[in-house]
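# compute the structure for the input listed below.
(4 chains)
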There are 2 protein chains.
Amino acid sequence: MAAPKNEKFSKEQIEIAKIAKVISHPARIEIIKTLAEKNMCICGEIVDLVPLSQSTVSQHLKELKEVGLIKGTIDGVKSCYCIDWTQFEEKINLLTEYFNKLKGHKIKCC
Amino acid sequence: MAAPKNEKFSKEQIEIAKIAKVISHPARIEIIKTLAEKNMCICGEIVDLVPLSQSTVSQHLKELKEVGLIKGTIDGVKSCYCIDWTQFEEKINLLTEYFNKLKGHKIKCC
DNA sequence: AACATAAATCGTATTTTTACGATATACGAT
DNA sequence: ATCGTATATCGTAAAAATACGATTTATGTT
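Numbers count the residues shown, from 1 in each chain, chains lettered A, B, ... in the order given. Next up, the predicted model:
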């Protein structure tokens, strides 16, 4: 009696909520920003860039990967992460267009 | 040792995370969509439109109001809600532009 | 004044998120 | 083969989010 009752809403709304949720934490925003700006796979250094413990950062990376915004490959003993641009654009567009479309309704109100 | 360590991140990132968080629930997305499409204050009927209890919907409305996406006024015994378009555009733009700007870095990677 | 109705708030149970230390795993170097 | 390093996973504690029923509050109606 406390779990979100997601079944009651549309597929689209659930999908958008999921995307919004993964970008609703400063650490994950920081990770995305860093990966995007460097525009390369970053192997290893990510943990040093985020002021959280190694295990916590690893967990945030996993969540970003699960939603598809980033991808990770293994390079020897290190892990390399970078933005999955195809999916990143797709998901971010989905989110932004949903809300930008709503703006079209703005005419006047109270 | 479980609360988000928000102090460690930038003001901008914390602000964007806050906006993302409030739109990270299907019920709140549904409320926004309904208010935007009707383009009017809706008095009372909101609770009937969302498949959750009255108290839960009231809680979601409060969160949306706190972030500033919607505004509510009292009209007699009823409450009237509508999109706060000025703030809505401002906040949504802040969010979407942050991530759209990152797209500019996309050249090639792994 | 008494009653009905709408909506906010309170109290609380459950689930999810956040965070970390400890441990496991996997690879490279010696 | 052993050791060191990097990263993922496990276990767990604390906090926040979600949801609802019960109650309170405020207004309109009789």
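
# when you work out contacts or count neighbours from here on, use the C-alpha atoms and nothing else.
OK.

# helices of chain A, start to end?
Per DSSP state H, chain A carries helices over the ranges A:11-22, A:26-38, A:46-49, A:54-67, A:85-103.

# pull out the buried positions in the first one.
Of the residues in helix A:11-22, those with enough neighbours to count as buried (16 or more other C-alpha atoms under 10 Å in any protein chain shown) are A:13, A:14, A:15, A:16, A:17, A:18, A:19, A:20, A:21, A:22.

# mind checking pLDDT for the nearest residue to the fifth one once chain neighbours are set aside?
With C-alpha to C-alpha, 6 or more residues apart in numbering or on different chains as the measure, residue B:24 is the residue that lies nearest to residue A:17, at 4.1 Å, once sequence neighbours are left out. On the pLDDT scale, residue B:24 is placed at 98.

# and the least confident helix or strand in chain A by mean pLDDT with DNA strand D, contact?
When each helix and strand of chain A is scored by mean pLDDT, DSSP states H and E, strand A:42-43 comes last, with a mean of 76. Yes - Strand A:42-43 is in contact with DNA strand D by C-alpha under 7 Å from any atom of the strand, via residue A:43.

# pairing partners for that strand, with directions?
Partners of strand A:42-43 in the sheet, by DSSP bridges, are strand A:78-83 (antiparallel).

# ok, the partner strand near DNA strand D or not?
Yes - using C-alpha under 7 Å from any atom of the strand, strand A:78-83 comes into contact with DNA strand D via A:78, A:79, A:80.

# of the residues you listed - the most surrounded one?
Neighbour counts for the residues of strand A:78-83 next to DNA strand D (other C-alpha atoms under 10 Å in any protein chain shown) peak at residue A:80, which has 19 neighbours.

# and it, how far is that from residue B:11?
Distance of residue A:80 to residue B:11, given as C-alpha to C-alpha, to the nearest Å: 28 Å.

# just residue A:12 next, same as before
For residue A:12, the distance to residue B:11 equals 30 Å [C-alpha to C-alpha].

# got the residues of chain A near DNA strand C?
Contacts of chain A with DNA strand C, taken as C-alpha under 7 Å from any atom of the strand, map to A:1-4, A:24-25, A:27, A:52-53, A:55-56, A:76-77.

# most neighbours among the residues you listed, please name it.
In these, the most neighbours by other C-alpha under 10 Å go to residue A:27, 27 neighbours.

# does it touch residue B:12 like I think?
No - contact criterion C-alpha atoms under 8 Å: residue A:27 and residue B:12 do not qualify, at 12.0 Å.

# residue ranges with poor pLDDT in chain A?
Applying pLDDT under 70 to chain A picks out residues A:1, A:39-40, A:107-110.
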